[in-house]
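K.L.:
got a predicted model here, sequence first, then my questions.
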Amino acid sequence: MEKLLSAESLCKTYILKGSSNNVLRGVDLEIGEGEFVCVMGPSGSGKSTLLYTISGMDAMTSGKVLFGDRDIAKLGKKELAKLRLNEMGFIFQQMYMLKKLCVLDNILMPGFQAGGDRAKVRERAEQLMRRLGIIECAEREITEISGGQLQRACLCRALINEPKIIFADEPTGALNSRAAEEVMRELTAANRTGTAVMMITHSVRVAAQSDRVLYLLDGDIRGELKLGKLENENELTKRERELNTWLMDRGW
């Protein structure tokens, strides 16, 4: 498996009222092309900070992050924005959508910004919306749809440019079980076609569908569980039990 993304001695420190808070403490990790990695750990362990820092959304304090052979700390603002637009997709806990645009236009926007053929971008957006069961929401305003529909729209937007990797911060946390399954089905389908996924989650069932789980505690990776690709849905319950036992051993 070719390496897609790596972090070396990654640190992130926040200074607040003269005191420092070391949120990430020398994290080392690699994500391969087409790999599905979940990061778990208690609240406050630095999971979201890790995701934002390794994706270039937030600046690191020290260390190195390589996307392919590109050192993201050495990229200018325009280069970094272009990298995120064309090769990364994002699903945040806070579902940032422009309220002045309808659902479809929010999904189309990154495709148009990347310079894609407008007809093909629209066709892909509508295909994604149909697969996720929200095509009827296309012309509605953001305030007129449910939280589950909004999260699925965010997933469509993240996939519109066929990114090399999707960064997802608790994408199923606020969804009911059915909506969560739909989002995971689409994420795993994208992963099977070669899109890597790095996901923050508290759900054992969600994490059990990944290839590998990292346990983050106090800004440091304290363990790794390799599960491999989920080839058969019948294996999921067994993987959940294995993961739950592994997490309990780490004080989960």
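P.N.:
Okay, I see it. Numbers count the residues shown, from 1 in each chain.
K.L.:
which residue packs closest to residue 24, ignoring adjacent ones?
P.N.:
residue 12 (4.1 Å; CB to CB, 6 or more residues apart in numbering). Every residue, glycine included, has its C-beta placed from N, CA and C.
K.L.:
in the strand or helix carrying residue 199, which residues are buried?
P.N.:
Using DSSP states H and E, residue 199 sits within strand 196-200. By neighbour count on 16 or more other CB atoms under 10 Å, the buried set for strand 196-200 is 196-200.
K.L.:
partner strands of that strand, with direction?
P.N.:
In the sheet, strand 196-200 lines up against strand 36-40 (parallel), strand 165-169 (parallel) (DSSP bridges).
K.L.:
could you point out which element follows the last one?
P.N.:
Moving toward the C-terminus from strand 165-169, the first helix or strand encountered (DSSP H and E) is helix 177-192.
K.L.:
between that following helix and strand 196-200, how big is the angle?
P.N.:
140 degrees (axes from the mean of the first three to the mean of the last three CA atoms, to 10 degrees).
K.L.:
measure stretch 211-229 end to end?
P.N.:
With CA to CA, to the nearest Å as the measure, stretch 211-229 spans 5 Å from end to end.
K.L.:
buried residues in it?
P.N.:
By 16+ other CB under 10 Å, the buried positions in stretch 211-229 come out as 211-217, 219-221, 225, 227.
K.L.:
same thing with stretch 101-116?
P.N.:
102-104, 106-111, 116.
K.L.:
TSV please, covering those and showing distance to residue 205 and secondary structure.
P.N.:
As requested, the buried residues of stretch 101-116 are exported to TSV (distance: CB to CB, whole Å; DSSP: H, G, I helix; E, B strand; the rest coil):
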residue	distance to residue 205	secondary structure
102	33	strand
103	28	helix
104	31	helix
106	29	helix
107	27	helix
108	32	helix
109	32	helix
110	29	helix
111	32	helix
116	35	coil
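K.L.:
of those residues, the lowest pLDDT goes to which?
P.N.:
Ranked by pLDDT, these bottom out at residue 116 (88).
K.L.:
just how off-centre is the strand holding residue 199 within its chain?
P.N.:
Counting by CA atoms, centre = their mean, to the nearest Å, strand 196-200 is centred 4 Å from the centre of its parent chain.
K.L.:
what sits up against that strand?
P.N.:
For strand 196-200, the surrounding residues in contact (CB atoms under 8 Å, 6 or more residues apart in numbering) are 4-5, 31-40, 47-48, 51, 54-55, 164-171, 187, 190-191, 206-207, 210.
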